[in-house]
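>>> Sequence first, then the predicted structure:
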2 protein chains.
Amino acid sequence: MGAILEKIEKTLTELLAETRPSSLFAAMRHAVLGGGKRIRPQLCLASSAVVGGRAEDALYPACAIELLHSYTLVHDDLPAMDNDTMRRGKPSVWAAFGEATAILAGDALQALAFQTAARAPRNGEKILAVLAEAGVGVVRGQSEELSTLNPSTSQPFNLSTFQPDIDFIYRHKTADLFIAAAVMGAYAGGGTEADVARLREYALNLGLAFQYEDDLLDGDVGFPPEEAKRRIADHTAAALASLEGLPGDTAFLSALAQRLACRTA
Amino acid sequence: MGAILEKIEKTLTELLAETRPSSLFAAMRHAVLGGGKRIRPQLCLASSAVVGGRAEDALYPACAIELLHSYTLVHDDLPAMDNDTMRRGKPSVWAAFGEATAILAGDALQALAFQTAARAPRNGEKILAVLAEAGVGVVRGQSEELSTLNPSTSQPFNLSTFQPDIDFIYRHKTADLFIAAAVMGAYAGGGTEADVARLREYALNLGLAFQYEDDLLDGDVGFPPEEAKRRIADHTAAALASLEGLPGDTAFLSALAQRLACRTA
């Protein structure tokens, strides 16, 4: 996967090359390049490979999902949202370039994600539909989380009975992008609908395990750590079980699930 | 076009039906429904018809371009951008729903635009690529305009020599969406590449005339009114000339160009 990761960085860099207006593209590069674990692109490429695709088949979908993910981070960090001034050890985009440019850079990154996915060499229409579904889904998850955090914008709030719907939020905020990465990869690699269904199930569980692990690492989990650990173990097991029946070598996808469940950052 | 406009309103209403979380979709409906001249959807549908398409062929692309246009207005109105509290005689989305929901509603409308365009019954891949190109282009235009208005974020500023590049800004901020509307319509209707090229040229000139007219109506034009009027007349003439050679009845497109050049609101 090392050579492939280099290819992803190179392609992202090319997609974000100096273009007028330069401040917009500088902000977009700041958001995307020089950081990030590229988990979703790896998932996309590995999903293509496991159904028999070549690396090139899924290169643009892999970059597209990273661009979409990056835009959500740029907008999440805005003062009206999480108001974060730092991201990946650097100033967040709005802190470095101003709020207006951060709004626009996020908007352009979303459009660029679709433009990039449209360059997939096969099944472009299906791939774009999958990306669009995730694009709506991720915002539904963020919006649900927001009304949880800012109950004044939502229903009357009663702390003693209030229970945010973590399943809905995580399913959409996090898992939808994992699912899109895997399903786009499966289509890009020419997989069957049965392969697509297996990879969708794998990615759903991978995404949920990833988000619970994220919360555990942040110390920001909505229930006891033991419960979070149990959920991580369950979803990781379900992800691994979903790999059964795929035509290719599942070693990378299997290792990815185990790695994400045990990560320390 | 009356029955078709009703169909557009109905389809937009269906696309924005109550979905969880309800505050997000309420904000999206507020942005899109109950207002707007639907110029871009009309352009899309008429472009499909003039190359021989049926109305249904371009219905989803027509709604998609309106969703994309609507998201740009939602984000334009934000406090960090134009800081407008009113839009089409109603509170703007952020004024009615808060900044965070307005950011998310705009983001979701952009994704929904792509999801909607993906439902076009033919040439879906080309249609989505055209929409994505416009999605990047419109932000480039807005960003260029922003650095003109807020020169502190850009190069050292000298009022006496500074001349915003109106051609670049209008080409992208406004004409890119007109072009996408027409070209998507032409592909949706099964037009030839020669038809696509004619409609692209028509829409470029229509968009530029529209924007100069907009500025004249706002009293916000960057040069003498006579110069603006001359440009409107020139671009309208160029738009009309581009209709030559199209296979179908160009009466609607011809009237649209003349109507936009003489509008009073």
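That came through fine. Residues are numbered from 1 along each chain as shown, chains lettered A, B, ... in the order given.

>>> Helices of chain A, residue ranges please.
Under the criterion DSSP state H, chain A contains helices at A:2-15, A:22-32, A:39-50, A:59-76, A:93-97, A:99-117, A:124-149, A:166-170, A:176-188, A:193-218, A:225-242, A:251-261.

>>> shaky segments in chain A?
A:1, A:150-163, A:221 (pLDDT under 70).

>>> how close does the residue most central in space within chain A get to residue A:5?
Geometric centre of chain A, nearest residue: residue A:177, 4.1 Å, by Cα atoms, centre = their mean. Distance of residue A:177 to residue A:5, computed by Cβ to Cβ, to the nearest Å: 18 Å. No exception for glycine: its C-beta is placed from N, CA and C like everyone else's.

>>> Kindly report the same for residue A:198.
24 Å.

>>> do residue A:111 as well
25 Å.

>>> same check, this time on residue A:181
Distance from residue A:181 to residue A:5, by Cβ to Cβ: 14 Å.

>>> count of neighbours near residue A:48?
30 (other Cβ atoms under 10 Å in any protein chain shown).

>>> From residue A:132, how far out is it?
19 Å.

>>> And residue A:207, by the same measure?
18 Å.

>>> and if you look at residue A:203?
17 Å.

>>> Tell me which of residue A:181 and residue A:5 has more neighbours.
Comparing residue A:181 with residue A:5 by neighbour count (other Cβ under 10 Å), the higher total belongs to residue A:181, at 34 against 15.

>>> thinking the more buried one is in contact with residue A:43, fair?
Yes: the pair residue A:181 / residue A:43 is scored as a contact, 4.4 Å apart, by Cβ atoms under 8 Å.

>>> hey, what's in contact with both of these two?
Common neighbours of residue A:181 and residue A:43 (criterion: Cβ atoms under 8 Å, 6 or more residues apart in numbering or on different chains): residue A:203.

>>> circling back to that earlier point, so for residue A:203 and residue A:132, which residue has more residues nearby?
Between residue A:203 and residue A:132, counted using other Cβ under 10 Å, residue A:203 has the larger neighbour count: 30 against 27.

>>> which ones are touching the more buried one?
Contacts of residue A:203 by Cβ under 8 Å, 6+ apart are A:43, A:47, A:175, A:178-179, A:181-183, A:239.

>>> Restricted to buried residues, select those residues in ChimeraX.
The ChimeraX command for the buried members of the contacts of residue A:203 (criterion: 16 or more other Cβ atoms under 10 Å in any protein chain shown) is given here:
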select /A:43,47,175,178,179,181,182,183,239
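
>>> residues near the residue lying closest to residue A:172 once chain neighbours are set aside, how many?
Counting by Cβ to Cβ, 6 or more residues apart in numbering or on different chains, residue A:141 is the residue found nearest to residue A:172 once chain neighbours are left out, at 2.9 Å. Residue neighbour count, defined by other Cβ under 10 Å, stands at 22 for residue A:141.

>>> so who does residue A:141 touch?
A:168-174, A:176.

>>> swap the cut-off to 10 Å and go again
Counting by Cβ atoms under 10 Å, 6 or more residues apart in numbering or on different chains, residue A:141 makes contact with A:72, A:168-177, A:211, B:21.

>>> before we move on, what about residue A:62?
Contacts of residue A:62 (Cβ under 10 Å, 6+ apart): A:4-5, A:7-8, A:11-12, A:38, A:40-48, A:55, A:116-117, A:120, A:181, A:184-185, A:188.

>>> Now list the buried members of those.
The buried subset of the contacts of residue A:62 - by 16+ other Cβ under 10 Å - is A:4, A:7-8, A:11-12, A:38, A:40-48, A:55, A:116-117, A:120, A:181, A:184-185, A:188.

>>> of these, list those near chain B.
Contacts with chain B within the buried ones among the contacts of residue A:62, as defined by Cβ under 10 Å from any Cβ of the partner chain: A:116-117, A:120.

>>> Among those, which one sits closest to residue B:90?
Of all those, residue A:117 has the smallest distance to residue B:90: 34.7 Å, by Cβ to Cβ.

>>> Next, the contact list for the residue lying closest to the closest one once chain neighbours are set aside, please.
Nearest residue to residue A:117, sequence neighbours excluded (Cβ to Cβ, 6+ apart): residue A:64, at 3.8 Å. Neighbour list for residue A:64: A:15, A:40-41, A:44, A:58, A:112-120, A:127-128, A:131, A:180-181, A:184, B:132 [criterion: Cβ under 10 Å, 6+ apart].
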